[in-house]
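>>> Structure, please.
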Amino acid sequence: MTKEQPNYPIKVMDKSLSVMELLLRHASPMSITEISEKLGIYPSVVHRILDTLRYWGYVEQDPITQKYQLGLKVVELGMAKLRQMDLVKEATPYLKELVNRCDETVHLGVLEDGQVLYLAKEEPSQTVRMVSYVGRRAPVHCTALGKVLLAYLSKKERKNILKKRGLPRFTENTITDEKALEEELQKVKEQGFALDRQEHEKDIRCIACPIRNHQGKVIAAISISGPTYRMDAEKQAHLREDLVRTAEEISKRLGWSGKET
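The predicted structure follows:
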């Protein structure tokens, strides 16, 4: 989802927020002159903006260098927003956009008790669809969602899950060897997406990507699923780009900075 320009922009607010954005992106405190040069705003205007923001606690001034940086009020606002956020609520608009573009089934899932738990599903206009529902659980070792969720756990956590759940076979393509699964999960981390090549259900292919929170931790995954006759290699490559972009948009909506932990 892209930002829309405001219908009735307020110039002083635009300038104030541009100052805060600059301080947010900059690794170290900045002087009035530096901010003025970067943004093309008169130093006198920058000074008045910073003085007001300092009063409200959104910026702080170093008493020795006289330079400015973001204040604790910004942290307070960010934490308040994170507390208010709900994963399904925040992801749903993006899932709807994705299903409209790809016209295949889209899922949002999380790891729950060593299984994939479907939290949300958006269905396409296609007559032939994947049989699934919100609240359904699925195995982790042979689904694209599950592979993503497993890949970003520690080896110890994975071993505990596999010890409990095992590696049961569902189709002739199911990975049932732990070493082979580890190799597959390493690929998932390297490429940033996972594939289900008819491993859980015959004639169904799936691709999934991770969703990260504000700390960069993988907390969920989204996927696109469809019948094999529609999900050929060319379409999968096209869908992958769309899916990766959507996963990143949702992650950033949840506060992710774009850097992996």
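
>>> CA atoms for contacts and neighbours, from now on please.
Fine.

>>> And stretch 105-113, what's buried?
T105, V106, H107, L108, G109, V110, L111 (16 or more other Cα atoms under 10 Å).

>>> Quick check: can you name the pairing partners of the helix or strand containing the fifth one and their directions?
Taking DSSP states H and E as the criterion, the element that holds G109 is strand 105-112. According to DSSP bridges, strand 105-112 forms sheet pairs with strand 115-122 (antiparallel), strand 218-227 (antiparallel).

>>> Distance from the chain centre to it, please.
13 Å (Cα atoms, centre = their mean, to the nearest Å).

>>> Columns distance to L22 and mean neighbour count on top of the strands paired with strand 105-112, output as JSON lines?
Putting these into JSON lines (distance: least, Cα to Cα, whole Å; neighbours: other Cα atoms under 10 Å) gives the following:
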{"stretch": "strand 115-122", "distance to L22": "36", "mean neighbour count": "22"}
{"stretch": "strand 218-227", "distance to L22": "28", "mean neighbour count": "24"}
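
>>> Now distance to A208 and mean pLDDT too, for these, in CSV please.
Formatted as CSV, these follow (distance: least, Cα to Cα, whole Å; pLDDT from 0 to 100):
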stretch, distance to A208, mean pLDDT
strand 115-122, 12, 88
strand 218-227, 4, 92
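
>>> who wins for proximity to R48 among these?
strand 218-227 (41.2 Å; Cα to Cα).

>>> what comes into contact with the closest one?
Residues from elsewhere that reach strand 218-227 (Cα atoms under 8 Å, 6 or more residues apart in numbering): 104-111, 128-130, 144-145, 148-149, 152, 203-213, 239, 243, 247.

>>> What's the first helix or strand after it?
Toward the C-terminus from strand 218-227 - assigned by DSSP H and E - lies helix 233-253.

>>> distance between that following helix and the chain's centre?
Worked out by Cα atoms, centre = their mean, helix 233-253 lies 11 Å from the chain centre.

>>> relative orientation of it and strand 218-227 in degrees?
150 degrees (axes from the mean of the first three to the mean of the last three Cα atoms, to 10 degrees).

>>> What residues of helix 233-253 count as buried?
Quick answer for helix 233-253 (16+ other Cα under 10 Å): 236, 239-240, 243-244, 246-253.

>>> same question, stretch 72-79
Buried residues in stretch 72-79 (16+ other Cα under 10 Å): K73.

>>> any idea of the mean pLDDT for it?
Computed over stretch 72-79, the mean pLDDT rounds to 81.

>>> got it, and stretch 252-260?
81.

>>> Lowest-scoring secondary structure element of the protein by mean pLDDT?
Sorted by mean pLDDT, DSSP states H and E, the helices and strands of the chain end with helix 72-84, the least confident at a mean of 73.

>>> quick one: low-confidence parts of the protein?
1-4, 79-85, 126-133, 260-261 (pLDDT under 70).

>>> Which residue ranges of it form helices?
Here the chain has its helices, by DSSP state H, at 11-25, 32-39, 43-56, 72-84, 87-102, 144-151, 155-165, 178-191, 233-253.
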